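Colleague: just to be clear, the model below is a prediction. Sequence and coordinates:
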Amino acid sequence: MIDREQVLHVARLARLRLTEDEIERMTGELSTVLDHIEKIGELDLDGVEPTSHVVELENVLRPDEPRPSLPREVALAEAPDSDGVGFRVPSPGA
Amino acid sequence: MSEATGFEAVFGDRGDTDDARPVDHTAAELIDHVRAGRLSAAEIWDDYQRLAGADTLNAYLWRADEAPEVAANAPLAGVPLAVKDLFCTEGVPSAAASKILEGYRPPYTATAVERLREAGAPMLGKTNMDEFAMGSSNENSAFGPVKNPWDESRVPGGSSGGSAAAVAAGLAPWAIGTDTGGSIRQPAALCGIVGLKPTYGTVSRYGMIAFASSLDQAGPLTRDVTDAALLLRHMVGRDPCDSTSTGHPEEIALPSAERLDGVRFGVPPELTGDGLEPGVREVFEATLKRIEELGGSVQEVGLPHSGHAISAYYVIAPAEASANLARFDGVRYGHRAGNGDLLSLYEQTREEGFGPEVKRRIMLGTYALSSGYYDAYYGRAQKVRTTIAADFRSAFESVDVIVTPTSPTVAFALGERVDDPLAMYLSDVLTVPMSLAGIPAISIPGGLSDGLPVGIQLASPAFSENRLLDAAHALERAIDFKGARSRG
């Protein structure tokens, strides 16, 4: 179960501004899904290691050599707002 | 063995094509015709460009207008490829069917797409999908649903629904998609074609717009098993841009098996019980009989934790998605909204840019990772994942291949499950366990139920694609399924 307050808290964490209608719907839908998911609480998982990676891999390393990265104008080409040097955003204090 | 010899061995000489068009052939046959000088890559391109241009299923989101240059000796001979919109393609719209990336043209191309282009499979178009690959019906696309070519009032499955519908309807010779919990196999099943999810890590994820990075894997959607092998051969490989990519220890061979003598098939009762639609069960049981007729053996094999796979998956995948989708904030690319302050820029951009299912998953994942809930949800789900992978390992001590239906139902009606997220999630109940275990699994058409295709899923141990493809090939030849196109 998840209530309206929790939905609002999680939405803030996720940087989602939900409409009143979405808050309503999300509370019901997430509760139904979480009820199903909570079945894993019944399992005895003592001593089971959590999966961190499904195929066994050693550390993957490469030589630390400088390589060209994306040219600045290419990196900025898709920006919604740019001053030609960086991405432009409103001041966090605004 | 050269590839030319391989094709002659598999297909023999097909004779001239005076009365046949490129669309009447599998991709492997087209390659054979190009090699023998009976067809040109340009003719194939023109035919498919026309067909893709007349798409009435909403399968394509973008189509190439220029015929590409293909090296004369390229192994895939210029047979064009439909590419799921999830793959970044340089200078070409790549939106993962999301409004938040509408019009985005990436500065680079995904490794899998690049490898296939170099091998001689140029991109014909980008295909529709569920937004960010989240969905099992293609109804979550920001650009409208795709119709199933078998019955246009039904879904094609998802999330690679556009790729599956395009191949089934003859709008593309072959396609690639991505599979996180069944997104290649389930639409392939619902559209009556072949779909393969390879072992996790064999194909580079570089340039795939990330959904759940520990599960996402690219693979082929094709008319037959041979075409799937051929595409996969040129997709696998270690990539310095994806440190989780492993490549494949063997070259992917063209499958040739026609019998299943000595191959042990396991049927897990946990996945083949009450939940199957009667028509799906009928085709599944007929398939088991056919396996025995071909010399294979069928036995029951337990996957005791697989009943918990959906629960674990719908914690792990949304958790990873909530982190991966944090990058869509209106700063570096894509949609931007807001009213002058930074927080409203983030929140308004995401509110306007993401569709309902994407928001639902971000919420679910953020909740599962949030303080106080992490151990109960994410930590536990990762342990369940370990037990599911262990179930498969122990099953593969007594069988070579696990066989199930791919989907518990045939293609459902458009709109039927959109308001019931849990019912939609349960569409993946037979494909998610293999995803969590990272093992390869293929869906092939098994037959029809009330005129709609039923997919059969075969799964085998990690990195055993060659064995899997051989088994699927033998079964495919015995089933002799007629695709959507040949039924008119």
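Modeller: That came through, no problem. Numbers count the residues shown, from 1 in each chain, chains lettered A, B, ... in the order given.

Colleague: in the stretch 1-150 of chain B, where is pLDDT below threshold?
Modeller: B:1-20 (pLDDT under 70).

Colleague: all helices of it, in order?
Modeller: B:3-11, B:27-35, B:41-53, B:111-118 (DSSP state H, counting those that start in this stretch).

Colleague: surely A:Met26 meets A:Gln6?
Modeller: No: under the criterion of Cβ atoms under 8 Å, A:Met26 is not in contact with A:Gln6, lying 10.1 Å apart. Quick note: C-beta positions are derived from backbone N, CA and C, even for glycine.

Colleague: ok, those two, which is more surrounded?
Modeller: Neighbour totals were compared for A:Met26 and A:Gln6, and A:Met26 leads with 23 against 17 (other Cβ atoms under 10 Å in any protein chain shown).

Colleague: which outside residues touch stretch B:473-488?
Modeller: Contacts with stretch B:473-488, where a contact means Cβ atoms under 8 Å, 6 or more residues apart in numbering or on different chains, come from B:23, B:149-150, B:168-170, B:191-194, B:223-226, B:255-260, B:287, B:290-291, B:293-294, B:444-447, B:453, B:456, B:458.

Colleague: hang on, the earlier thing: nearest to chain A, of the helices of the stretch 1-150 of chain B?
Modeller: Counting by Cβ to the nearest Cβ, chain A lies closest to helix B:111-118 out of the helices of the stretch 1-150 of chain B; the figure is 15.3 Å.

Colleague: how about the closest one: buried residues?
Modeller: Buried residues in helix B:111-118, counted by 16 or more other Cβ atoms under 10 Å in any protein chain shown: B:Thr111, B:Ala112, B:Val113, B:Glu114, B:Arg115, B:Leu116, B:Arg117.

Colleague: ok, the fourth one - contacts?
Modeller: Counting by Cβ under 8 Å, 6+ apart, B:Glu114 makes contact with B:Gly207.

Colleague: so which of the helices of the stretch 1-150 of chain B is the most packed in?
Modeller: helix B:27-35 (a mean of 25; mean count of other Cβ atoms under 10 Å in any protein chain shown).

Colleague: and the angle for it with helix B:41-53?
Modeller: Between helix B:27-35 and helix B:41-53, the angle comes out at 140 degrees (axes from the mean of the first three to the mean of the last three Cα atoms, to 10 degrees).

Colleague: who are the packing partners of helix B:27-35?
Modeller: With contacts taken as 3 or more Cβ pairs under 8 Å, 6 or more residues apart in numbering or on different chains; DSSP states H and E, helix B:27-35 sits against helix B:3-11, helix B:41-53, helix B:225-235.

Colleague: find the nearest non-adjacent residue to the residue sitting nearest the centre point of chain B, please.
Modeller: The centre of chain B sits closest to B:Ile184, judged by Cα atoms, centre = their mean, with a distance of 1.8 Å. Spatial nearest neighbour of B:Ile184, excluding adjacent residues (Cβ to Cβ, 6 or more residues apart in numbering or on different chains): B:Gly195 at 4.2 Å.

Colleague: who's the one you found bridged to?
Modeller: B:Leu221, B:Ser443 (DSSP bridges).

Colleague: who's in contact with it?
Modeller: Counted by Cβ under 8 Å, 6+ apart, B:Gly195 has contacts B:160, B:164, B:177, B:179, B:184-185, B:187-189, B:219-222, B:228, B:442-443, B:455.

Colleague: can you pull out the helices in chain A?
Modeller: A:4-13, A:20-37, A:72-76 (DSSP state H).

Colleague: redo those as TSV? Include mean pLDDT and distance to chain B.
Modeller: As requested, these are arranged in TSV below (pLDDT from 0 to 100; distance: least, Cβ to the nearest Cβ, whole Å):
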stretch	mean pLDDT	distance to chain B
helix A:4-13	96	5
helix A:20-37	95	5
helix A:72-76	95	5
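
Colleague: let me have the ones you listed in a markdown table, adding distance to B:Met363 as columns.
Modeller: As requested, the helices of chain A are exported to a markdown table (distance: least, Cβ to Cβ, whole Å):
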| stretch | distance to B:Met363 |
| --- | --- |
| helix A:4-13 | 5 |
| helix A:20-37 | 6 |
| helix A:72-76 | 31 |
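
Colleague: next up, the contacts around residue 23.
Modeller: If you meant another chain, say so; for now it's chain A. Applying Cβ under 8 Å, 6+ apart, the residues near A:Ile23 are A:Arg4, A:Val7, A:Leu8, A:Ala11.

Colleague: other chain: chain B
Modeller: B:Asp47, B:Tyr48, B:Leu51, B:Gly170, B:Pro173, B:Arg485.

Colleague: do you know how far it is from chain A?
Modeller: Distance of B:Val23 to chain A, given as Cβ to the nearest Cβ, to the nearest Å: 36 Å.

Colleague: so that residue versus B:Val146, what's the distance?
Modeller: Separation of B:Val23 from B:Val146 (Cβ to Cβ, to the nearest Å): 19 Å.

Colleague: over to B:Asn339?
Modeller: On the measure of Cβ to Cβ, B:Asn339 and B:Val146 end up 36 Å apart.

Colleague: which one of those two has more residues nearby?
Modeller: B:Val146 (36 against 8).

Colleague: do I have it right that the more buried one meets B:Asp55?
Modeller: No: between B:Val146 and B:Asp55 there is no contact under Cβ under 8 Å: 9.5 Å.

Colleague: does B:Glu250 fall in a helix, a strand, or a coil region?
Modeller: coil (DSSP: H, G, I helix; E, B strand; the rest coil).

Colleague: find the nearest non-adjacent residue to it, please.
Modeller: B:Asn466 (5.8 Å).

Colleague: now the one you found: which helix or strand?
Modeller: helix B:465-479 (DSSP states H and E).

Colleague: same deal with B:Ala212?
Modeller: Judged by DSSP H and E, B:Ala212 forms part of no helix or strand.
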